[in-house]
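Trainee: Need coordinates for the below:
(2 chains)
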Amino acid sequence: MNAVIAQLPVLILVVPIVGALLILLAGKVNRNFSYPVTLATISFQFAASLILLSAVMTGGTIHYYLGGWPPPMGIELVLDAFNSFVLVVILAMALLTAVWARQGAALDIPPEKTVPFFVVFQLLVTGLCGMTITGDIFNLYVFVEITSIAAYVLVASGRGARSLIAGFNYLVLGSIAAGFIVLGIGYLYVATGTLNMGELAAMLPASYGLATVHAAFLFLMIGFSIKVAFFPLHLWLPDAYTESPAVVTILIATATSKVTAYAMIRVIFSVFTPQYITESFPVTEVILIIAAIAIIAGAVLAIAQDNLKRMLAYSSISQMGYIMFAIGIANQIALEGGLLHIMAHAVMKGCLFMVAGMIIYRTGITGIHQMSGLSRTMPLTCAAFALAGASMIGIPPTIGFMSKYYLVLGAVEAGQYLAAAVLLIGSLLAAVYIWRVIEIMYFGDHHEGALHSGPEAPLSMLVPVLILAASCLLLGLFVDIPLEIIGPAVTLLLGGS
Amino acid sequence: MTLDTLPLLALLAPLTAAVLIPVVGRHENLRESVTLIAAGSMVLMVLAMLPEILEGGRISITLLPLLPGGDLALRADAFGMIFALTASVLWLLNSVYSIGYMRALREHDQTRFFFCFAIAITAAMGIAFSANLVTLFVFYEILTLITYPLVVHVGTPEAMQAGRKYLAYLLGGGICLLAATVVTYTLTGTTEFIPGGFLAAGSGTALSLQVLFILFMAGFVKAAWMPFHAWLPAAMVAPTPVSAFLHAVAVVTAGVFGVVRVAGWVYGTDLMAALGLGTVLAIIASFTIITASLFALAEDNLKRRLAYSTVSQLSYILLGVSMLSTAGITGAMVHIPFHAFLKITLFFGAGAIIVGTGREAISDMRGIGQKMPVTAVMFAAAAAGICGLPPFCALFSKVFLSLGAVQAGELILLGVIIASSVLNVAYFFPIIYTMLIARPSDERTLDGIREAPLFMLIPIILTVIASIAFFFSPGMPFLDLSGIALAEINGGVLP
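Mentor: Modelled structure (predicted):
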């Protein structure tokens, strides 16, 4: 058994790749077989991530050399408190999304395309795992590409032409981003002669004065900023989130965006160092300012939307600003808030996008103004929206409040009072865009005739949504549990022991 | 069951009710029984704590480690008991009244209504028993959010408009309170309420501490001090039991409670005085008292006139705190329950008139005392009580406030109190006259008007009896509690 656990870091990647093939084969036999295989594979990955997390928490960082080749020759997988935590979060989200997809996929995916859909879905999840646990920066790039290509395909797999256009836009901008990233990695290699992240971190400080290193940093920053849709490089995101199939939106908005943010933080803090971004090449101020603009601009744009999914997409741009904000402050408390917000945002945005999908599934409605009185037809769904929405606004004691509290506290400790004020204003703006929906759902005029009666949604959709809504509250109340993992993770990032 | 768990149980009683109410929502009588049982047991739990508190004890319990700067922790102390006792007793009466009101008007969505009510009182008790700023903030925000569905209950565009205003003011205030909490934690490393305050002159520059206090005041916008009061009259679109809840049981009370808490348990009177914050507060309070009374004079809608009366009366409490003297703070503390008991009677009365006649404008109420004698007489009694006439409890708070003004040597403040008392009479007595003495131009308009149902009359009568009882026995329990609370913050000086 222990021998299996020792191999888990690679199994969490290899099994789903084989699984993706199996999905295809099972689908050849009978279209309906592909879904159970997907679910089984992702369940395995989730279970593996939990075992790895507990192994890391008890035994410390795990280094795994692929094929037994130590770096710099071979590729290394590294699991520490930070990425094993991210791994659990994204796989939990992927699993819930997969459960939701049982009925939800049929909403946008024509039956004849379900098999390839689940294959690509599985590849996307695998790519995300790879991005999370790799310790080699070029390998990171490879997984970024696997993830992105899978994502382009998924976004474009909707029924309409708009979905294709959104996928194409995403492809163009994503490829530009990939170009930036690979160039940045190239410069790093020129400067140091290695691609292993640990070795890079050890060798780079000697070259912190070099223009090559600065160029590498800027290229990587721009590339990842496009990938995470950091304002003003977010242009691909609203269309991609709005037009892609509901299942895809949920997965991309929760897992993909979080892993990309993880990769960015990893590069900034573990390949480069906190000293680099504060002293050698002071960019934290700039990041903070752009993050503040992102928070406000994203929220203001969200207020202006009528399409629920598009509104949530702009809200994501604002919320990604919160995570970037933590990087801009770069102290222990703010980063704890930032990492907590990675989880918080995944949970609440996942819930909100699932609700948006269920409303379409049940009624076909996409416009917020059409949702009046929806709480009568879909009481549990709307209640989930209200709870996750409260978390989005940052109402205590939800998880969204906890992460914002840490961010504000971190900003005040750093003496950034103005930035703290921006965060608070951002949550007021979130109240505006979220509350508008709640108001219409609960207190709008009821035109009963338009809404048919019957069960509000299949159980396979309702259960994940309710789990996520309850998590918004429970993770907030028991916030010390994730913080036990996040605390050491941040200490690690900031260069402590 | 030990004493320690009582504050928690007092919160769990209505919370359990909130869980059960949607479950049994279809069975009206069962649903209402759940509310009443929860309300009754909550009163008993609060009363069970009273002896311990009156002996100067405190009951503390930590629920969860929440955040740096404050666990989710409850602590029942003398001042918290003043609020808890007021809120729990009045919620019981208000629940009885709500049942009568909602049924008489055949209101829609009653399950949602009682569900929100139960959560709201949980939050109010949480505020009363919060042991630190973080816990206070958590419950304060919950209270804001969960009262919103109550305010917009009717669902008309006008109500939605009012609801948006309500949320904008209160969530905006909540943000300021959060900022104030974070800054306090950063300055001192704690947010736990300590009698006499934990901020010291050296915690920050004088300017930063003054700004922090303004931030706190902005946070406690629930106290409806002018010019940030507009949400309260707007919220009058709510059903009358909700208005009673906002004005007497929980919401505005939570605001003034917070101001007193911060003054006595975060800053401390000495630091307040050294920073000149008493003067700031006195200016805000005086301005609000006079202006709101003038607004009340101009209102013809009964509920809106009562709303402005509340705005004015709440600032009595702020005024008492601003004096930073023993008598002033005593007056402030006892005015919280004394005003609440009288004001809830007035709202109950206004609601009874709506149920009995459908009328809301004072000018339409000529002669309705003929047909609704109990309601009209009780309304008149409570109105006289708020004006500070004997034999009603509010006389005591006004005496203490006047005494405090003299003690502090601020005769201007005494002038404010006297002027406001005159204005009180000016806006309340015409109502009494209209209801009881004036005759309608056409007697037939009174046909068909009947007294309100018993479910509504009993709470009205009980609150008036309580107000009179507190006059004859002011010490028990509110004045005694405020004495203990003052001894805590002053380190032993009894009034």
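
Trainee: In the stretch 351-495 of chain B, which residue sits closest to chain A?
Mentor: Of all residues in the stretch 351-495 of chain B, residue B:354 sits closest to chain A, at 21.2 Å by Cβ to the nearest Cβ. Every C-beta, even on glycine, is put in place using the N, C-alpha and C of the backbone.

Trainee: Which strand or helix spans that residue?
Mentor: Secondary structure from DSSP states H and E places residue B:354 in helix B:326-357.

Trainee: need the contact list for the residue of the stretch 351-495 of chain B closest to chain A.
Mentor: Applying Cβ atoms under 8 Å, 6 or more residues apart in numbering or on different chains to residue B:354 gives the contacts B:105, B:240, B:360.

Trainee: neighbour-wise, which of those residues leads?
Mentor: residue B:240 (25 neighbours; other Cβ atoms under 10 Å in any protein chain shown).

Trainee: Got phi/psi on that one?
Mentor: phi -60, psi -40 (degrees, to the nearest 10).

Trainee: Return the residues in contact with it.
Mentor: B:101, B:303, B:347, B:348, B:350, B:351, B:354.

Trainee: ok, 6 Å please
Mentor: Going by Cβ atoms under 6 Å, 6 or more residues apart in numbering or on different chains, residue B:240 touches B:347, B:351.

Trainee: Do you know the pLDDT at it?
Mentor: pLDDT, residue B:240: 89.

Trainee: So what's the residue count around the closest residue to chain A within the stretch 101-250 of chain B?
Mentor: Ranked by Cβ to the nearest Cβ, the top residue of the stretch 101-250 of chain B for proximity to chain A is residue B:138, at 4.0 Å. A count of nearby residues for residue B:138, using other Cβ under 10 Å, gives 24.

Trainee: So in the chain, where's the weakest helix or strand by average pLDDT?
Mentor: Just going to use chain A. helix A:374-377 (a mean of 86; mean pLDDT, DSSP states H and E).

Trainee: not quite, I wanted chain B
Mentor: Sorted by mean pLDDT, DSSP H and E, the helices and strands of chain B end with strand B:59-67, the least confident at a mean of 83.

Trainee: Can you list the strands that that one pairs with?
Mentor: Sheet pairing for strand B:59-67, assigned by DSSP bridges, gives strand B:70-76 (antiparallel).

Trainee: Outside of the strand it pairs with itself, list whatever touches it.
Mentor: In contact with strand B:70-76 (Cβ under 6 Å, 6+ apart) are residues B:7, B:49, B:58-66, B:129, B:131-132, B:134-135, B:191.

Trainee: Stretch A:22-41 now?
Mentor: Here stretch A:22-41 has contacts from A:16, A:19, A:98, A:114, A:115, A:118, A:119, A:122, using Cβ under 6 Å, 6+ apart.

Trainee: Could you list which of those belong to strands?
Mentor: Judged by DSSP state E, the contacts of stretch A:22-41 include no members of strands.

Trainee: If we go by neighbour counts, what in the helix or strand just after the least confident helix or strand of chain A is buried?
Mentor: Once helix A:374-377 ends, the next helix or strand along the chain (criterion: DSSP H and E) is helix A:379-393. Within helix A:379-393, the residues scored as buried using 16 or more other Cβ atoms under 10 Å in any protein chain shown are A:380-393.
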